[in-house]
Structure formats: C-alpha cells, structure tokens
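K.L.:
Provided below for reference: sequence and predicted model.
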Amino acid sequence: MRLPRPRRRLLATLLVLPTFAILAGCGPTPTHWSAPVSSPSASPSPVASASPSPTGSPNPFDGKTPKFDPAPPPVPISLAGGPTAPLLDHIPTTQKVAFLTIDDGWIKKPEAIALLKASGVPVSLFLLSPAAKENPAYFKELVANGAVIEAHTINHLSMPTLGYDRQKQEICGGADELTKLFGTRPTLFRPPFGDYNQNTLRAAHDCGMKAVLYWKQTVDKGKVRYQGEWGKMQPGDIVLMHFRDAYADDFTAALNAMKANGLTPALLENYIP
C-alpha cells in the first residue's frame, strides 16, 4: 500500500482529530516514532489460508497473552446527526477501555483464531469484501470467538480520488457483499489508507454507516506507534492493526500496550448507539 503525505483535515462532525495521524501500513505517516519506519509494500496478493489446529489440540497461545478483568458495562456515546457520518478516532469515554480493530483480510493466519480464543478479547474486523469472500469460514470462526465484521470497501482505493457516486458504490457494495456472506450488515466503515473527504462521510451515511472510523495507535511488525506521548494510551483509544504475516506479534503487542496503560479491551460496537 502506498504511504500518503500527512495533511490537515477539517472534521465537521463529532470530533476534531489531531492534525496528524499515525500509520501501520494503511494510513498517514507516524508523528511520534523515533525509530525509522520502512515504507509498506503494495497490497498483498491473496494467499491460501492454513487450517486452524484440530479441535481439542492445545492452543499454542494459552498463557502467552495478557489477562484482563472483565470490561465495564458499556456506556454508549451520543453521535451528532446530520447528512454525514461522524468521524471517530477514539470513543470519548472515561471508562478504562480501548478498542482493537483489524483491517483488510487478505492474509489469513491460523494464529488469528488461536489468539482470539486464548485471549478472550473482542475485536472489530474492517474487511475488504473480496478478501472475506475468499474464505468466509475463516472469518466466521473469528466471529464465533468474539469478532464483529465491519466494512472497508471493495477495492481498497483512496476515497478522495473518487466522486461521491463511486465512493458510495465502494462502501455500499462492500457492505452488501459482507451482509450476504455473514448475515449481518456492517454499521461502521473505515476508509482505506485513512483517506476521506466530505463525500466519504456523506456516502458512508447514505450507506447506513453509523460512523467512519479512524485510530489513535497503530501496530506493525510487533511495534506500537503512539500518537501523543510515547507509550501512553488513553481511555477510549482505537488501535489499528492489519491481517499480515506478523499478526501474532502485532496482536500481542497491542494487548500488552493496553495492559501497560491499565486499559481493558472492549467491543467498539457496544459504545456506538
């Protein structure tokens, strides 16, 4: 995937985002990362999925992920009305929770299923519909273990390069296909690369999306990139990672960062009315 230049964005919805956002391969460049970060490669080609471990086999990740107390009862937020979907990079809450979100879906490591079972945490999956269609059973098993499926377009194009009608086709069409595959329609949308404009927010609204999702932290190759003070994650932060070869390292790093900051993974959808 290409790495777009950071730029200022005006948010006329619920929140005002920071001037710059951070990336783990599908968004703008990090602003507070001291180590050099190599440019991500182009979107990976679909790969064959390995089969999960047979039922009854020991889970290799048992005891290797941090343990959390149960998340508090969620207190849903209020969303601004209007003709555009609100843009959220975090959930405005004082509850000590954070939200793990995972994008794309081409690389389907069996570790994802084992890690979700071992950790017991909820996650939100923002899937490209062709990647999901390639192996629906893989994602259905993730759903059975605490995942919720949301929308991420069909072709992973930069939304601002498209007109309103084409953006709507990408968002609605991807959501329609995911509905056919999994029986539940997505209600949240994440734009590829984090790129959006007012047409994106309007098209998302017109496709029935409650909100357009951004992020506060990203994880890539087992490293967490922080926005703001290094190592600090705040209540309500949305964390972004991807279905990649380093999935296990990224997943574990995200949970360790939450644990270090006294936060509990919670289900994003429970906070959005």
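P.N.:
It's in.
K.L.:
from here on, contacts and neighbour counts on C-alpha atoms
P.N.:
Fine.
K.L.:
need the next SSE after the top strand by length along the chain, C-terminal direction.
P.N.:
Longest strand of the chain, by residue count under DSSP state E: strand 97-104. As assigned by DSSP states H and E, the chain's next helix or strand after strand 97-104 is helix 110-119.
K.L.:
measure the residue nearest the centre of the chain to residue 217 for me?
P.N.:
For the chain, residue 101 is the residue whose C-alpha lies nearest the centre (Cα atoms, centre = their mean; 2.9 Å). Using Cα to Cα, to the nearest Å, residue 101 is found at 10 Å from residue 217.
K.L.:
intersection of neighbour lists for the two?
P.N.:
238, 239, 240 (Cα atoms under 8 Å, 6 or more residues apart in numbering).
K.L.:
just give the number of residues close to the last one.
P.N.:
One way to gauge burial is a neighbour count; for residue 240, by other Cα atoms under 10 Å, it gives 31.
K.L.:
same thing with the second one?
P.N.:
With neighbours defined by other Cα under 10 Å, the count for residue 239 comes to 25.
K.L.:
ditto for the first one
P.N.:
Around residue 238 sit 24 other residues, with neighbours defined as other Cα under 10 Å.
K.L.:
that one belongs to a helix, doesn't it?
P.N.:
No: counting by DSSP: H, G, I helix; E, B strand; the rest coil, one finds residue 238 to be strand, located in no helix.
K.L.:
contacting residues around it?
P.N.:
Neighbours of residue 238 in contact, by Cα under 8 Å, 6+ apart: 89, 90, 91, 98, 99, 100, 101, 214, 215, 216, 217.
K.L.:
hey, what's it bridged with?
P.N.:
Taking DSSP bridges as the rule, residue 238 bridges to residue 99.
K.L.:
who are the packing partners of the longest helix along the chain?
P.N.:
When the chain is parsed with DSSP state H, its longest helix is helix 164-182. For helix 164-182, the packing partners by 3 or more Cα pairs under 8 Å, 6 or more residues apart in numbering; DSSP states H and E come out as helix 129-134, helix 136-144, strand 147-151, helix 198-206.
K.L.:
quick revisit: just put the shared contacts of residue 101 and residue 217 in CSV and tack on pLDDT and distance to residue 140.
P.N.:
Converted to CSV, the shared contacts of residue 101 and residue 217 look like this (pLDDT from 0 to 100; distance: Cα to Cα, whole Å):
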residue, pLDDT, distance to residue 140
238, 98, 23
239, 98, 22
240, 98, 21
